[in-house]
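# Return atomic coordinates for the entry below.
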Amino acid sequence: MTTVAVTRRHDLTDAQWAALEPLLPVGRRPGRPPTWTKRQLIDGIRWRTRVGAPWRDIPECYGSWAAAYAVFRRWQRDGTWAKILTALQAVADAGGRVTWDVSVDSSVARAHQHAAGARKRGICRSNPRAG
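Below is the predicted model:
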């Protein structure tokens, strides 16, 4: 396992990366090795979602914004993010770190049909001032 120095406050720690790394898909393409590590790209994706900035504003220490976006979309399409979430939730639940409290509210607030601009049935009523 390669160790990358944590450069920012919210980056993945070595322990978090060790738990996450086995859940990631393995690259199958032969050829040139990637320029940026998966850890850098995932930290860049996490930075972008936490801050809410545009993809092009990802700091250079996390790699290319285009590479981070490509990884994010590819894993979103093939369901990798959902698998990672499910696996991490299962681990946390087994360790007793998750409380599954559910609050269900079945109240319904309905507006009158005229509140939404529905037409009234019958004849059109004229404005008394206009006549």
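
# State the distance from the residue positioned nearest the centre of the chain to W81.
The centre of the chain sits closest to T49, judged by C-alpha atoms, centre = their mean, with a distance of 6.7 Å. T49 sits 11 Å away from W81 when distances are taken as C-beta to C-beta, to the nearest Å. Every residue, glycine included, has its C-beta placed from N, CA and C.

# R56 too?
Per C-beta to C-beta, R56 is found 21 Å from W81.

# Also A68?
From A68 to W81 the distance is 14 Å (C-beta to C-beta).

# So those two - more neighbours on which side?
Neighbour comparison, A68 and W81: the larger count goes to A68, with 23 against 13 (by other C-beta atoms under 10 Å).

# Do you know the pLDDT at the more buried one?
On pLDDT, A68 comes in at 96.

# Please name every helix or strand in contact with the strand or helix carrying it.
Counting by DSSP states H and E, the element that carries A68 is helix 65-78. Other elements packing on helix 65-78 under the criterion 3 or more C-beta pairs under 8 Å, 6 or more residues apart in numbering; DSSP states H and E are helix 38-51.

# got the angle between the helix it packs on and helix 65-78?
Orientation check (axes from the mean of the first three to the mean of the last three C-alpha atoms, to 10 degrees): helix 38-51 against helix 65-78 gives 90 degrees.

# Pull the residues that contact helix 38-51.
Among residues not part of helix 38-51, those counted as contacts by C-beta atoms under 8 Å, 6 or more residues apart in numbering are 4, 8, 10-12, 17, 20-21, 24, 55, 57-59, 61-63, 65, 67-68, 71-72.

# any weak-confidence spans in this protein?
In the predicted model, the chain carries pLDDT under 70 at residues 1-7, 113-114, 116-131.

# all helices for it, in order.
Counting by DSSP state H, the chain has these helices, from start to end: 14-20, 38-51, 65-78, 80-94.

# Which of those helices has the highest mean neighbour count?
Of all the helices of the chain, helix 38-51 has the most neighbours on average by mean count of other C-beta atoms under 10 Å, namely a mean of 19.

# Now do it against helix 80-94, angle only.
Using the same axes, to 10 degrees, helix 38-51 lies at 90 degrees relative to helix 80-94.

# I'm done for today, thanks for sticking with me.
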